[in-house]
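A.B. asks: coordinates only, no sequence provided:
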């Protein structure tokens, strides 16, 4: 009896699933054809219609859904910005949704798959590339050129170029987003600890302060307590990207798609970062990091040098010690330095009902004078507007005082984060997971990169070509 | 006879259909449809944005060469160690709790509390307890033994034992209650008879208690294996990005990452089906095996 019943239900399931596979394929291939055809004609007609009525109709009513991520402080900033936008344009309503950062892309992609894409939303890095390649985003090129809302000469080229993508290379092609911010990753230092150790502050000028200087200083800044444990570290969370780029290495060559981690420059830089804790004992080990991360230690005054982005400012303003920012230490081999310049963008859905109004909202949030001012006063970002960043932003009477470092990183030695050249970051995540073997000294960097290269190459080829 | 009251019967049928509709509809919409969809998807490549493409058995072939698939499968199988450990501890606890002491129900409740606590909260709690530097467990080890405890969640060798310990803490209460019920179902006359024959306590335990509890052993093993194969939440919270050297990732965590981080929905479905089939085979095997050792009254 039992057996018979099981067979019946089993075969029923089989039949049902078979039916689904058939119907699924069918609809899949159909929509495939029509969609690709659509997207080709769409982009053409889109640009035409937009060009004819690029200036938004101020009286027409619209409701725009805007989705972003962030904690309480970012939410508060954007609620304020949106309120002032709605005051400026009383007919334009904005519905703002905030999602916790860790769940953001899951939620976004589910909404896109369900065809409920918000009109305006955040996108950045590898995800931006994927969204453009999948035809989810609206091409903003024509609106940009015909709109009086945006003066492209007054926006960081490095910020705008991040949102140009031609399907294979970031930085060329049409514009698909406006920068929410540019995030120069700078080196913050605790002035009080430097004073106590009798050391001069690290230079704000790129190239003057080298790895060797930093190690020498960090050794003097590191303090061991009576239990034999290190109490204060010279440096924490040193950016591996910065070391590798400064030394002339890189992860991938985006034009050929070759993973380039197996070079001597790369291995040497990676070993330098690992040795900060393994050999020189001036940086928290992976074990120390697990117990308390670099941020918590820096905030507690137990780390002398630590990387920061502009968004860290509000948190650091309350610290009971003096701090400032310096240029990233340069590689003694090349005399050069580098760090990353992060960015997140406002993008518009291709299926939005209100393309003009969505663009207007995105450009308001991205580039409006008042909104930009609000943003930097609250310590969220460096202004996207060049004249404001070089003008009033420099005169703010709050730490960091050498704000020029932020500007230098944007204009001079900041580079896009590694993942900006890919659509899928599985290869990069794997690199960071496996890199722990180097950080804890199980392998030398040179051994590691040699073994890791073919593995990453395979993952990169599978997912990014 | 039957046709004499057709109106009444039809009404009855309609009502009965209405009453059974919610669970059946729920099953059809939320269980069967996703099940069938994922089966279809496992032969396709789909990133959620662009239409799915039929790729045949490509996903399964890829799985055979996928290092992370094997790693997460190994991790999951390692966690199965928690099942027998949990059974031993629960059984001991159940025997201790199977007395008519004053206030025994309070103790029973205490052991049962972790079972009803939300797993996310429990994971966050353990994140503190297991902290390398200031965690209570390492502090305890330092005070008792005078040595530095392991880096529980940061050392690839200790991540899985940490999960097992956590699982024991959260799981033994439930199993203990099952054993307790089983113990109370054994007639005391059996023990009395054995005593008359001069059986020692150990013999009584070995020849009466253990065999008579075998249906419960069986239930606990089957559910434990299935539960372990499906474990996810602890890993999601305690082993960010798979933990050190991916040694904290379970197979469901791997499916989750493939689906919602890299958006390989087709591949994730394929892994999910392999997992499903694996669990099915293991359970079937256990049922077969049970005929040899499970005592049926």
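C.D. replies: Happy to help now that I have it. Remember, it's a predicted structure, so these values are computed and weren't measured experimentally.

A.B. asks: tally of neighbours for the one residue in the stretch 151-297 of chain B that gets nearest to chain A?
C.D. replies: Using Cβ to the nearest Cβ, the single residue of the stretch 151-297 of chain B nearest to chain A is residue B:154, 3.6 Å away. From N, CA and C alone the C-beta is placed, and that goes for glycine too. By the measure other Cβ atoms under 10 Å in any protein chain shown, the count of residues near residue B:154 is 23.

A.B. asks: how about residue A:231?
C.D. replies: Quick note: residue A:231 (other Cβ under 10 Å) scores 12 neighbours.

A.B. asks: what comes up buried for the helix or strand hosting residue B:71?
C.D. replies: Taking DSSP states H and E as the criterion, residue B:71 maps to helix B:67-79. Within helix B:67-79, the residues scored as buried using 16 or more other Cβ atoms under 10 Å in any protein chain shown are B:68-69, B:71-73, B:75-76, B:78-79.

A.B. asks: who are the packing partners of the helix or strand just after it?
C.D. replies: Later in the chain than helix B:67-79, the nearest helix or strand by DSSP H and E is helix B:82-97. On a contact count with 3 or more Cβ pairs under 8 Å, 6 or more residues apart in numbering or on different chains; DSSP states H and E, helix B:82-97 meets helix B:104-116, helix B:159-184, helix B:214-229.

A.B. asks: which parts of the last one are buried?
C.D. replies: Residues of helix B:214-229 classed as buried by neighbour count (16+ other Cβ under 10 Å): B:215-218, B:220-225, B:228-229.

A.B. asks: my guess is residue B:149 contacts residue B:134. True?
C.D. replies: No - look at residue B:149 against residue B:134 with Cβ atoms under 8 Å: they stay out of range, at 11.3 Å.

A.B. asks: out of those two, which sits in the more crowded spot?
C.D. replies: Remark: of residue B:149 and residue B:134, residue B:149 carries more neighbours, 17 against 10, as counted by other Cβ under 10 Å.

A.B. asks: the more buried one: helix or strand, and which one exactly?
C.D. replies: With DSSP H and E as criterion, residue B:149 is part of no helix or strand.

A.B. asks: so what's the residue nearest to it when sequence neighbours are not counted scoring on pLDDT?
C.D. replies: Nearest non-adjacent residue to residue B:149, counting by Cβ to Cβ, 6 or more residues apart in numbering or on different chains: residue B:138, 3.4 Å away. Residue B:138 is assigned 88 on the pLDDT scale.

A.B. asks: ok, which residues in chain B are in contact with chain A?
C.D. replies: B:32, B:36-37, B:39-41, B:43-44, B:47-54, B:67-68, B:131-134, B:151, B:153-155, B:241-242, B:244-246, B:260-263 (Cβ under 8 Å from any Cβ of the partner chain).

A.B. asks: what subset of these is buried?
C.D. replies: Looks like these have B:36-37, B:39-41, B:43-44, B:47-52, B:54, B:68, B:131-132, B:151, B:153-155, B:242, B:244-246, B:260-263 buried, using 16+ other Cβ under 10 Å.

A.B. asks: give me the nearest residue to the residue in the stretch 151-300 of chain A positioned nearest to chain B, chain neighbours excluded.
C.D. replies: Per Cβ to the nearest Cβ, residue A:291 is where the stretch 151-300 of chain A lies closest to chain B, at 2.8 Å. Using Cβ to Cβ, 6+ apart and skipping residues adjacent in sequence, the residue nearest residue A:291 is residue B:133, 2.8 Å away.

A.B. asks: residue 91: how many residues sit nearby?
C.D. replies: In the absence of a named chain, chain A is used. Neighbour tally, residue A:91, other Cβ under 10 Å: 12.

A.B. asks: you looked at the wrong chain, it should be chain B
C.D. replies: Using other Cβ under 10 Å: residue B:91 sits among 25 other residues.

A.B. asks: report the contact partners of it.
C.D. replies: Shown in contact with residue B:91 (Cβ atoms under 8 Å, 6 or more residues apart in numbering or on different chains): B:179, B:213.

A.B. asks: separation between the residue nearest the centre of chain B and residue B:27?
C.D. replies: Nearest residue to the geometric centre of chain B (Cα atoms, centre = their mean): residue B:227, 1.7 Å. According to Cβ to Cβ, to the nearest Å, residue B:227 and residue B:27 sit 21 Å apart.

A.B. asks: what of residue B:77?
C.D. replies: 31 Å.

A.B. asks: check which helices and strands the top strand by length along chain A sits against.
C.D. replies: Assignment by DSSP state E gives strand A:339-348 as the longest strand of chain A. For strand A:339-348, the packing partners by 3+ Cβ pairs under 8 Å, 6+ apart come out as strand A:120-123, helix A:125-133, strand A:178-184, helix A:240-246, helix A:355-367, strand A:414-415.

A.B. asks: residue B:206: which of these is closest?
C.D. replies: For residue B:206, the closest of these is helix A:240-246, at 59.1 Å, according to Cβ to Cβ.

A.B. asks: tell me the mean pLDDT for the helix or strand that the closest one is followed by?
C.D. replies: Counting by DSSP H and E, the next helix or strand C-terminal to helix A:240-246 is strand A:252-253. What strand A:252-253 shows for mean pLDDT is 92.

A.B. asks: quick one: name whatever helix or strand follows strand A:252-253.
C.D. replies: Assigned by DSSP H and E, the successor of strand A:252-253 is strand A:258-259.

A.B. asks: just how off-centre is the helix or strand following that next one within its chain?
C.D. replies: Where DSSP H and E defines the elements, the next helix or strand beyond strand A:258-259 is helix A:264-278. Centre-to-centre, helix A:264-278 and its host chain are 24 Å apart (Cα atoms, centre = their mean, to the nearest Å).

A.B. asks: kindly report the same for stretch B:74-83.
C.D. replies: For stretch B:74-83, the distance to the chain centre is 11 Å (Cα atoms, centre = their mean).

A.B. asks: now the end-to-end length of that stretch.
C.D. replies: With Cα to Cα, to the nearest Å applied, stretch B:74-83 spans 16 Å between its terminal residues.

A.B. asks: pLDDT weak spots in the chain?
C.D. replies: Chain wasn't specified; assuming chain A. Within chain A, the ranges that satisfy pLDDT under 70 run A:1-59.

A.B. asks: oops, wrong one, chain B.
C.D. replies: B:1-8, B:297.

A.B. asks: got the angle for the lengthiest helix in it vs helix B:67-79?
C.D. replies: Scanning chain B for the helix with the most residues, using DSSP state H, yields helix B:265-293. Helix B:265-293 runs at 30 degrees relative to helix B:67-79, counting by axes from the mean of the first three to the mean of the last three Cα atoms, to 10 degrees.

A.B. asks: for helix B:265-293, name the packing helices and strands.
C.D. replies: helix B:33-41, strand B:44-45, helix B:58-64, helix B:214-229, helix B:251-260.

A.B. asks: the inter-axis angle of the first one versus helix B:265-293?
C.D. replies: Same thing as helix B:33-41. 110 degrees.

A.B. asks: the helix or strand hosting residue A:85 to helix A:355-367, inter-axis angle?
C.D. replies: For residue A:85, the element it lies in under DSSP H and E is helix A:72-88. Angle of helix A:72-88 versus helix A:355-367, following the same axes, to 10 degrees, is 130 degrees.
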